[in-house]
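**Student:** sequence unavailable; structure follows:
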């Protein structure tokens, strides 16, 4: 897991983080992790798998079609890309 150091954090911001962490029953570090995660991974974001499933449903892809493609994909070796 990565480690992040924040330098030159103003004292009032640090105090506010400590208060917020206490209100949520977490350590200051845990609170900062939660804030960062919420900032970069918002709940409303579109997840790739969900987006692909929605496209499949929109074009009428059935579960059987998806399973057949999965079986085919698992049997066929990857083809090298050619940039000629």
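**Tutor:** Yes, it's here. Being a predicted model, the structure only gives us computed values, none of them experimental.

**Student:** can you give me the pLDDT of the residue nearest the centre of the chain?
**Tutor:** By CA atoms, centre = their mean, the chain has its centre lying nearest to residue 41, at 5.7 Å. Residue 41 carries a pLDDT value of 82.

**Student:** quick one, helices of this structure?
**Tutor:** 11-23, 28-40, 48-58, 63-75 (DSSP state H).

**Student:** would you format those as JSON lines with mean neighbour count and distance to residue 4 included?
**Tutor:** The way it works is simple: take the backbone N, C-alpha and C, and place the C-beta from them, glycine included. What follows is the helices of the chain, written out as JSON lines (neighbours: other CB atoms under 10 Å; distance: least, CB to CB, whole Å):
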{"stretch": "helix 11-23", "mean neighbour count": "12", "distance to residue 4": "14"}
{"stretch": "helix 28-40", "mean neighbour count": "12", "distance to residue 4": "8"}
{"stretch": "helix 48-58", "mean neighbour count": "10", "distance to residue 4": "26"}
{"stretch": "helix 63-75", "mean neighbour count": "10", "distance to residue 4": "38"}
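
**Student:** quick one: which of those is nearest residue 82?
**Tutor:** helix 63-75 (19.8 Å; CB to CB).

**Student:** mean confidence for that closest one?
**Tutor:** 76.

**Student:** what's next to it, contact-wise?
**Tutor:** Outside helix 63-75, the residues within contact range by CB atoms under 8 Å, 6 or more residues apart in numbering are residue 56.

**Student:** between that helix and helix 48-58, how many degrees?
**Tutor:** Between helix 63-75 and helix 48-58, the angle comes out at 130 degrees (axes from the mean of the first three to the mean of the last three CA atoms, to 10 degrees).

**Student:** can you give the distance of helix 63-75 from its chain's centre?
**Tutor:** Offset of helix 63-75 from its chain centre (CA atoms, centre = their mean, to the nearest Å): 26 Å.
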